[in-house]
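Colleague: Sequence below, structure please.
(2 chains)
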Amino acid sequence: GNSVTQMEGPVTLSEEAFLTINCTYTATGYPSLFWYVQYPGEGLQLLLKATKADDKGSNKGFEATYRKETTSFHLEKGSVQVSDSAVYFCALTGNTGNQFYFGTGTSLTVIP
Amino acid sequence: GAVVSQHPSWVICKSGTSVKIECRSLDFQATTMFWYRQFPKQSLMLMATSNEGSKATYEQGVEKDKFLINHASLTLSTLTVTSAHPEDSSFYICSARDRSKETQYFGPGTRLLVL
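Modeller: Numbers count the residues shown, from 1 in each chain, chains lettered A, B, ... in the order given. Sure, this is the predicted structure:
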């Protein structure tokens, strides 16, 4: 079946620090992979996505590479800001593109 | 970009009453919409898949008589929480699939508090 495992938080970083949030997946076929961000009290916003192996998704300084050999889609950012404080969800959709499978979310707090 | 709205964004109700939450795709047609539930500090759990013009498909463990879903048109799906209890308090999020682009978009969520 399909599932997503992401590193547990919470993660606390100082401003300008390097961020990595690990995400690995299990899927049948060829899933699409996503990172969503949820700010306090709000819904999900798509941060970036990759639809096939070796694709790199990037947005707002965040990036993640679809690694089929390691079944991973780790999120990285070179220099985090206080405004990046949020919960980050790794997710995948299967072949039909319908149902999303979410990881448990990783809470990030960036302190000045 | 594509927008999905939910109404209301916040609702507080008394135990035993029913609450209806609307999910609308504002600038695209969605043959399929999805309803998720999110508990505090947890991930989203798919409750049901709503297909326009047909019955919803519920995930295991979700009571279909308690969470009534109606996908009345290509731009609107509703979730009605019937006879709400405090344990139904949660954050409900819908998503809609743009059938022309095969892309899903998430709504901003509805926070339900049952007293």
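
Colleague: which intervals of the chain have sub-threshold pLDDT?
Modeller: All of this refers to chain A. A:95-97 (pLDDT under 70).

Colleague: wrong one, I was asking about chain B
Modeller: Using pLDDT under 70, the flagged stretches of chain B are B:1-2, B:102.

Colleague: Which positions in it make contact with chain A?
Modeller: Applying CB under 8 Å from any CB of the partner chain, we find that chain B lies next to chain A at B:6, B:32, B:34, B:41-44, B:46, B:49, B:93, B:95, B:97, B:102, B:104-109, B:111. In this view, the C-beta of every residue, glycine as well, is placed from N, C-alpha and C.

Colleague: Can you flag the buried ones in those?
Modeller: Listed as buried from those are B:6, B:32, B:34, B:43-44, B:46, B:49, B:93, B:95, B:97, B:104-109; burial here means 16 or more other CB atoms under 10 Å in any protein chain shown.

Colleague: Out of the residues of chain B next to chain A, which sit inside strands?
Modeller: B:6, B:32, B:34, B:44, B:46, B:49, B:93, B:95, B:97, B:104-106, B:111 (DSSP state E).

Colleague: and which of those residues is nearest residue A:108?
Modeller: Closest approach between those and residue A:108, by CB to CB: residue B:44, at 17.6 Å.

Colleague: Quickly run through the sheet partners of the helix or strand hosting residue A:36, with directions.
Modeller: Using DSSP states H and E, residue A:36 sits in strand A:32-38. According to DSSP bridges, strand A:32-38 forms sheet pairs with strand A:44-50 (antiparallel), strand A:86-93 (antiparallel).

Colleague: mind putting those strands in a markdown table, mean neighbour count included?
Modeller: A markdown table is the format used below for the strands paired with strand A:32-38 (neighbours: other CB atoms under 10 Å in any protein chain shown):
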| stretch | mean neighbour count |
| --- | --- |
| strand A:44-50 | 20 |
| strand A:86-93 | 24 |
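
Colleague: Quick one: closest of those strands to residue B:76.
Modeller: Comparing the strands paired with strand A:32-38 by CB to CB, strand A:44-50 comes nearest, at 20.0 Å.

Colleague: what's the following helix or strand after that closest one?
Modeller: Next along the chain after strand A:44-50, taking DSSP H and E as the criterion, comes strand A:56-59.

Colleague: Using PDB, write out the CA atom coordinates for that next one.
Modeller: Taking C-alpha atoms only, strand A:56-59 is exported to PDB below (Å, rounded to 0.1, in the frame of the first residue of the first chain):
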ATOM      1  CA  LYS A  56      13.400  18.500  -8.300                       C
ATOM      2  CA  GLY A  57      10.600  20.600  -6.900                       C
ATOM      3  CA  SER A  58      11.400  24.100  -5.700                       C
ATOM      4  CA  ASN A  59       9.600  27.100  -4.300                       C
END
